[in-house]
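pasted the sequence and its predicted model underneath.
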There are 2 protein chains.
Amino acid sequence: MARKNNPTQTVESIISVSAKLFIEKGYDKTSMQDIVAALGMSKGAIFHHFKSKEDIFNEVINRQFQYVEQTLYQWIDEMQELTAKEKLIKILEKNLNDQQAHSLDSVLSTQIQNPYFIVATMQEGVNKSAPIFAKIMREGKEDGSITTQFPDECAEIFFLLMNIWCDPVIFACDLSRLMGRLNFLQQILIKMGADIITDELIASYLKFVEKLYEREKI
Amino acid sequence: MARKNNPTQTVESIISVSAKLFIEKGYDKTSMQDIVAALGMSKGAIFHHFKSKEDIFNEVINRQFQYVEQTLYQWIDEMQELTAKEKLIKILEKNLNDQQAHSLDSVLSTQIQNPYFIVATMQEGVNKSAPIFAKIMREGKEDGSITTQFPDECAEIFFLLMNIWCDPVIFACDLSRLMGRLNFLQQILIKMGADIITDELIASYLKFVEKLYEREKI
């Protein structure tokens, strides 16, 4: 008897199975054939929803970005009583914990080497996340916790340098050079009036990357 | 009578004809068929030297980067008598003129939107050009013209922010936002002890981008 699938469920399955394959095998090494085989659907059923592997990949990325954005707004809602600077510091700390909890670290070492993913991450950070940070920085000028005259620029370079330059998979470097980059970024933001990178954040991030390095060696 | 081509000449033709097509049509819209047709060679003759379009593209990019690097070293050779700071300022000025002279501006608006090209440009800037700048900055600590304690980090973020963040094709923005970014980058470098972005450079770069915008609108 023919099984009638809910189209929403179909799309969800395609997305989640493809995401798993992209993470496990890497984007370049995952073919549409692999996706078809893993789903156990007909090729036609998949192509009905997505024109190509790129199409699926874009949707996977979009959802990841949407998740990040929603989480960000949810956190901000829970932080009403904090100053702007405290909010930003707390968000960065929670984000790092969240990354570890969701094992996005495994994405780091595979997906991130795909140029489409790197550029999407860059543009998402600057175009979507930075305005949220810039808005909080503007509040900080009122509560006195942030003094920068350039909230947009501070937020944009923060995301670009943190997500890209301080990603040791994109810009290969050992832990001591990575520490140099993080300290430099911290200094820039202090000098520009947006002191949001704490020593604790740098230490936690270095520990996180160290674990990644150890695992890769195994 | 069979014409016997010099293999070096063949490779050069493939590279130059493909580069022209990538610039005119954009990388994604150029097919191997287009390259074959434009060259008037057999497919076999091309595949003998390059496995794929990606292969040709990588070689086109490599040569562009090699050209930039060689030019950089040549300029440095001609600037022996200048201080480190004067050298860096002069290099940036010459580089902008060179870009205009070689109409690389037309590459900007097409190629640059290819994520492979963006990531290659990022990595080339940080991994190859930045060390050359960092070395000059170290000389500057001796002649007193540059005071930064972080020559590597200054040089790396300079290339990353200048080539990527201040490229209005990668991060769409109007001229006033672009001016904001350039002024911010200038401020960062001043505060970190590497005052190499002059007001004149900012003005010339803005004029260059303005012309680009005007042309695109036509």
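Alright, I've got the coordinates.

so which residues on chain A come close to chain B?
Proximity of chain A to chain B (CB under 8 Å from any CB of the partner chain) is limited to residues A:115-116, A:118-120, A:122-123, A:126-127, A:150, A:152-153, A:156-157, A:160-161, A:164-165, A:170-171, A:177, A:180-181, A:184, A:187-188, A:191-192. (C-beta placed from N, C-alpha, C; glycine too.)

could you flag which of those residues are buried?
Buried by 16 or more other CB atoms under 10 Å in any protein chain shown: A:115-116, A:118-120, A:122-123, A:126, A:150, A:152-153, A:156-157, A:160-161, A:164-165, A:170-171, A:180-181, A:184, A:187-188, A:192, out of those.

just those: which are in helices?
In this view, these that belong to helices under DSSP state H are A:115-116, A:118-120, A:122-123, A:152-153, A:156-157, A:160, A:180-181, A:184, A:187-188.

who touches the closest residue to A:Asp199 other than its chain neighbours in this structure?
Once flanking residues are discounted, A:Asp199 sits nearest to A:Gln186: 8.0 Å by CB to CB, 6 or more residues apart in numbering or on different chains. Applying CB atoms under 8 Å, 6 or more residues apart in numbering or on different chains, we find A:Gln186 in contact with A:197, A:199, A:202.

try 10 Å this time
Residues near A:Gln186 by CB atoms under 10 Å, 6 or more residues apart in numbering or on different chains: A:195-199, A:201-202.

and what of A:Met192?
By CB under 10 Å, 6+ apart, the neighbours of A:Met192 are A:147-151, A:153-154, A:157-158, B:184, B:187-188, B:191.

now pLDDT and distance to B:Tyr213 too, for the residues you listed, in CSV please.
Output for those, formatted as CSV (pLDDT from 0 to 100; distance: CB to CB, whole Å):
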residue, pLDDT, distance to B:Tyr213
A:Thr147, 96, 34
A:Thr148, 97, 29
A:Gln149, 95, 27
A:Phe150, 97, 23
A:Pro151, 97, 26
A:Glu153, 98, 21
A:Cys154, 98, 26
A:Ile157, 98, 23
A:Phe158, 98, 27
B:Phe184, 98, 21
B:Gln187, 98, 25
B:Ile188, 97, 25
B:Lys191, 97, 30
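
looking at these, which is nearest A:Glu69?
A:Phe158 (16.2 Å; CB to CB).

the closest one contacts A:Gly125, correct?
Yes - using CB atoms under 10 Å, A:Phe158 is in contact with A:Gly125, at 8.5 Å.

more neighbours: those two, which one.
A:Phe158 (26 against 22; other CB atoms under 10 Å in any protein chain shown).

list the contacts of the more buried one.
A:88, A:92, A:125-126, A:129-130, A:133-134, A:137, A:185, A:188-189, A:192, A:194, A:196-197.

gap between A:Leu96 and A:Lys207?
To A:Lys207, A:Leu96 is 10 Å away according to CB to CB, to the nearest Å.

what touches both of A:Phe158 and A:Gly125?
A:Phe133.

A:Leu82 sits in which helix or strand?
Element membership for A:Leu82, per DSSP states H and E: none, as it lies in no helix or strand.

how about A:Leu92?
With DSSP H and E as the test, A:Leu92 turns up in helix A:84-101.
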